[in-house]
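>>> just coords:
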């Protein structure tokens, strides 16, 4: 048995998981390496338990005390080079021996940290977790601030703003674990251990490390592409107090100046915040549709409006059926859905029928409702891109497209009417965040499912033997945005497809054939290769593209494990562009190399 | 707490931390003689004994706690004056 988890958490961890390691239990290894200057080892059992719950097994390795720079400079250094998540766990009193002495300023430490961070960023593609520093609980200068900001609290605040600024500039590779937040959540008595700091260089109690571990789990989840994308909401007693069918539009509780109306009003505010960051909203509620629409369009305190929702299921059918249909309509996996309802029976039904869906019940105490979705970081993502803010709008346009579709006799006729224009270009630096995001999130139409950080994409696009292409698309209903990524590598006289993916919102338009065909032909010509090679790497989600290369005219040449490798001679590669797609962007693709 | 229950709990804490059957250790077992008993584990032993018994060791005690019998003796004193002789802790 893993003793630490048993003792510190009061829960048992499956003993054999510890003994046998991950694979035997269906857990995926994740390499978490730690550069540190204090005793943070107690985090290991906490990470094992929390990551185990979401299917991962942490393989931890710790650097020496205070040898971060030496660890980072060593060649080779498995600690840095092989990490998937690199934890840089530092306290200020260990970092700077002058800290706290009269006249101490933060500049020296800031420069040292900047050098360490720069070095790490250049050494690894791992996600790097840095932390903020805790100011003294009892300021040495008294209550009045010093005029020149020379007091320790002001200096620590400046150092923290350096750390936050660095992480912001280097997002999403860098992310901050905010020690100040853990302290605020727990209070000093529960968080800090002064005796431990002096005796064992272990300044933080288990409760503090547990908060730290929780954030690391959220970071692992995002870096592994395990993102929630869609929020499905019930209406009565979830979006407002009361039952509109009985209480009438005037009787429901949603007034931002009253309680409990204010709790629902603030819940709307929270939901709108998620929508702005790219979470898709949908309704599934047993109501008369007209009642709900009246509230959404004309209730004076209702912040959510019909245009905020990508889809609505307002009827009396069971919600499991409705949610399954939503998954189809929105072309999203059920495991990316979060469902909120006040009715325990509905919650239980979804938990039972659709176990992939994350189900949250409206809290018994309504004052907890506004914070419900924030607490667990369910909609974390590495970086909100501009594209995110327009996502719901795009899904709404998609619904109009679907409505238009029913008036055409054949799919081809429909596609022809859309006036689809595909723009295929070499990736620009402004595309990099969106490209990395797509590699992180795209599961269905993804031939190799390789996840990349922004930095890795930047490396690839600067490499003369690699080419990163992006696909944008629009039609008569509006723009789909940047929806496709294709990465090619030149290996001798062969061009090898490293990545080909399409966002699910672009599927069903045969854009994939136009995109792949166009890029293959262009780079085939530019690199003057004899043949193209590509592969299909199966995952639980991408079976729809199993025969993509075959359909494009490639021949299977071998199998390695689950992967299927294909090849196509350039002389044989006549990739027809579908008639309904016109291609733009041919003028901008030639690389300056 | 009666001496037998106290010893059960004491050895349970040590066994789980050191990942061996601590009752089979000699009384003079210490970080010098037990391979898995490193300084990190020593810290966990102190912290977990304090938590398990609701006691707090003083700094001086922590410095002087060198062996298994030191630890058991200190816990016994704090838990109501049990004095464990060699025979009392023999397995």
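Alright, I've got the coordinates. This structure is a prediction, so every number in the text was calculated from the model and none was measured.
>>> state which one residue of chain B is found closest to chain A.
Per Cβ to the nearest Cβ, residue B:16 is where chain B lies closest to chain A, at 3.2 Å. All C-beta atoms are positioned from the backbone trio N, CA, C, and that covers glycine.
>>> what's around that residue, how many residues?
Neighbour count for residue B:16, taken as other Cβ atoms under 10 Å in any protein chain shown: 18.
>>> how about the helix or strand hosting it: buried residues?
Secondary structure from DSSP states H and E places residue B:16 in helix B:3-18. Residues B:6, B:7, B:9, B:10, B:11, B:12, B:13, B:14, B:15, B:16, B:17, B:18 are the ones in helix B:3-18 that count as buried (16 or more other Cβ atoms under 10 Å in any protein chain shown).
>>> now the angle from the helix or strand just after it to helix B:3-18?
Next helix or strand after helix B:3-18 toward the C-terminus (DSSP H and E): helix B:39-53. If you take axes from the mean of the first three to the mean of the last three Cα atoms, to 10 degrees, helix B:39-53 sits at 150 degrees to helix B:3-18.
>>> starting at the chain centroid, how far to helix B:39-53?
9 Å (Cα atoms, centre = their mean, to the nearest Å).
>>> cool, stretch A:143-154 as well?
On Cα atoms, centre = their mean, the centre of stretch A:143-154 falls 39 Å from the chain's centre.
>>> now do the contacts for the residue nearest in space to the middle of chain A.
Closest to where the C-alpha atoms of chain A average out (Cα atoms, centre = their mean) is residue A:381, at 3.0 Å. The contact partners of residue A:381, by Cβ atoms under 8 Å, 6 or more residues apart in numbering or on different chains, come to A:222, A:227, A:277, A:278, A:388, A:437, A:441.
>>> out of these, which is nearest to chain B?
Distances from chain B to these, taken by Cβ to the nearest Cβ, are shortest for residue A:222, at 30.3 Å.
>>> which residues touch the strand or helix carrying the closest one?
Taking DSSP H and E as the criterion, residue A:222 maps to helix A:206-223. Here helix A:206-223 makes contact (Cβ under 8 Å, 6+ apart) with A:8-9, A:30, A:32, A:40, A:42-43, A:46-47, A:50-51, A:54, A:56, A:84-85, A:87, A:127, A:129, A:175, A:177, A:179, A:181-183, A:185-186, A:190-192, A:204, A:227, A:377, A:380-382, A:440, A:451.
>>> same check on stretch A:356-375?
A:228, A:231-232, A:237-238, A:241, A:259-260, A:263-264, A:266-267, A:269-271, A:274, A:323, A:333-335, A:337-342, A:344, A:347, A:350-351, A:378-379.
>>> so how do I select the buried members of these in ChimeraX?
A single ChimeraX command selects the buried members of the contacts of stretch A:356-375 (16+ other Cβ under 10 Å):
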select /A:228,231,232,237,238,241,260,263,264,266,267,271,274,323,333,334,335,337,338,339,340,341,342,347,350,378,379
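>>> so of the contacts of stretch A:356-375, which ones are in strands?
Using DSSP state E, the members of the contacts of stretch A:356-375 that fall in strands are A:231, A:232, A:337, A:338, A:339, A:340, A:341.
>>> for these, which one is nearest chain B?
Among those, and counting by Cβ to the nearest Cβ, the member closest to chain B is residue A:338, at 36.5 Å.
>>> isn't residue A:128 up against residue A:89?
No: here residue A:128 does not reach residue A:89: they are 11.4 Å apart, not a contact under Cβ atoms under 8 Å.
>>> what about the closest residue to residue A:178 other than its chain neighbours, how many residues nearby?
Once flanking residues are discounted, residue A:178 sits nearest to residue A:132: 5.1 Å by Cβ to Cβ, 6 or more residues apart in numbering or on different chains. Residue A:132: 23 surrounding residues under other Cβ under 10 Å.
>>> do you know the pLDDT at residue A:132?
pLDDT recorded at residue A:132 is 98.
>>> who's in contact with it?
Residue A:132 touches A:160, A:163, A:164, A:176, A:177, A:178, A:179, A:180, counting by Cβ under 8 Å, 6+ apart.
>>> now a ChimeraX select for only the buried ones of those.
Buried residues within those, by 16+ other Cβ under 10 Å, are selected in ChimeraX with:
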select /A:160,163,176,177,178,179
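>>> just name the closest of the contacts of residue A:132 to residue A:414, please.
residue A:176 (47.9 Å; Cβ to Cβ).
>>> pull out the buried positions in stretch A:322-333.
The neighbour-count check on stretch A:322-333 (16+ other Cβ under 10 Å) flags A:322, A:323, A:326, A:327, A:329, A:330, A:331, A:332, A:333 as buried.
>>> which ones are touching the last one?
I take that to be residue A:333. Counted by Cβ under 8 Å, 6+ apart, residue A:333 has contacts A:327, A:356, A:443, A:444, A:541.
>>> returning to what we had before: now a PyMOL select for only the buried ones of the contacts of helix A:206-223.
In PyMOL syntax, the buried subset of these is picked out as below (16+ other Cβ under 10 Å):
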select buried, chain A and resi 8+9+30+32+40+42+43+46+47+50+51+56+84+85+87+127+129+175+177+179+182+183+186+191+192+204+227+377+381+382+440
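>>> SS state for the closest residue to chain B within the stretch 301-450 of chain A?
Using Cβ to the nearest Cβ, residue A:375 is the residue of the stretch 301-450 of chain A that sits closest to chain B, at 27.1 Å. Each residue gets one of three states, and residue A:375 gets coil by DSSP: H, G, I helix; E, B strand; the rest coil.
>>> same thing with residue A:526?
helix.
>>> any idea how far residue A:64 is from the residue lying closest to residue A:77 once chain neighbours are set aside?
The shortest distance from residue A:77 to any residue other than its chain neighbours is 6.2 Å, reached at residue A:71 (Cβ to Cβ, 6+ apart). Remark: distance between residue A:71 and residue A:64 (Cβ to Cβ, to the nearest Å) = 7 Å.
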